[in-house]
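A.B. asks: I would like the atomic coordinates for the input below:
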Amino acid sequence: MRVNRSVKWALLFSVSVLMLLTLGTYAGAQNEEAPATTAPEYTTVPATDSLAMAPNDSTMLAKEIQAMIKKEQSSFTYRIKNSGIGQNYIKGGVFMHFLLLSSIIGLVFIIERLWTLSRARTNVRALMGRIVRALREDGVQGALEECERTRGPIAAILHSGLMRAAHGPDAVAKAIETSGTVEMSFLERGLVAIATVGNIAPLLGFLGTVSGMISAFAAIAAAEQVSAKLVAKGIQEALITTASGLIIAIPMNIMHNFFVAQIDRFITEMEEASAELINELVEMERGA
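C.D. replies: You can find the predicted model right below:
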């Protein structure tokens, strides 16, 4: 049970697509905020019968324009750009791109860990019952086959221990310890990335706030008359990155602690299963 390369490719693909959508939305909003150029004035020419537009033609043109406007407003990009989240994202500045990228990375690792740990869960009591029964009826080979039919890290470490059953309980304990270290490193994979995102997201938010405040004070210094609206707008835009960083960091820390608790439970179950297997092998050796 190992993570295949499709997870990595999914991460790269999702980051690329969402970054392209974000940059496109940001560029479109910047174009809308740009001042419109003044249309050139033309001399009015009296309409003649040959040049006058028929009422039906003008009605059709108006309907076509309305249909085009409705089609544009129903597009996915237009809805995101004009939503509250999209407007706040644009106001947050360039640091919102880094926050979006970090949130995507953290989300991908969270989904991957949820899927991996859900597949690693095993009913330990039922598994140990089947292994002990196979040991007593079919010997070590039957217990090995039972472990091979069960997925998960607990079955893997028990399988490693049973492979050394012919060398005595001490060799079994050593093999279980080595296999347990390997399985634990696999279960903890990705937690560093989640913790890193949870730590750097508030820092990126604070950095965006500082950058926004610098820009706001620069605008205040350049303005001849300072108004409360100018100051409030600059501070509001600067604080968006801080709020975004905290919104990203809180779920990341919660999920990181949740995964740590799940892994601690796996460790306890591994130790209990290993001790029970070694005790059963010792009893079988004494009986023989």
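A.B. asks: three-state assignment of Ile200?
C.D. replies: Look at Ile200: counting by DSSP: H, G, I helix; E, B strand; the rest coil, its state is helix.
A.B. asks: Pull the contacting residues for the closest residue to it other than its chain neighbours.
C.D. replies: The shortest distance from Ile200 to any non-neighbouring residue, by Cβ to Cβ, 6 or more residues apart in numbering, is to Ser102 (6.4 Å). All C-beta atoms are positioned from the backbone trio N, CA, C, and that covers glycine. By Cβ atoms under 8 Å, 6 or more residues apart in numbering, Ser102 lies in contact with 197, 200-201, 204, 248.
A.B. asks: With Ala216 instead?
C.D. replies: Counting by Cβ under 8 Å, 6+ apart, Ala216 touches 231, 233-235, 237-238.
A.B. asks: Most neighbours among these, which one?
C.D. replies: In terms of neighbours by other Cβ atoms under 10 Å, these top out with Ala238 at 22 neighbours.
A.B. asks: And the pLDDT at that one?
C.D. replies: Note on Ala238: pLDDT of 78.
A.B. asks: tell me the contacts of it?
C.D. replies: 208-213, 215-216.
A.B. asks: Quick check on it: phi, psi?
C.D. replies: phi -70, psi -30 (degrees, to the nearest 10).
A.B. asks: so how many other residues sit close to Val108?
C.D. replies: Neighbours around Val108, by other Cβ under 10 Å: 20.
A.B. asks: May I ask which helix or strand encompasses it?
C.D. replies: helix 95-120 (DSSP states H and E).
A.B. asks: which residues of this structure fall in helices?
C.D. replies: 6-33, 55-73, 76-82, 84-92, 95-120, 124-148, 153-163, 169-187, 191-222, 228-287 (DSSP state H).
A.B. asks: Kindly compare burial across those and name the winner.
C.D. replies: With neighbours defined as mean count of other Cβ atoms under 10 Å, those peak in mean count at helix 153-163, which reaches a mean of 23.
A.B. asks: if we can go back for a sec, what angle sits between the helix holding Val108 and helix 191-222?
C.D. replies: Using axes from the mean of the first three to the mean of the last three Cα atoms, to 10 degrees, the inter-axis angle of helix 95-120 relative to helix 191-222 is 160 degrees.
A.B. asks: what is the mean pLDDT for helix 95-120?
C.D. replies: Helix 95-120 comes out at a mean pLDDT of 90.
A.B. asks: so it versus helix 153-163, what angle?
C.D. replies: Going by the same axes, to 10 degrees, helix 95-120 makes 50 degrees with helix 153-163.
A.B. asks: 864 is where my numbering starts, stick with that
C.D. replies: Sure, I'll start counting at 864 from here, so that last one is helix 958-983.
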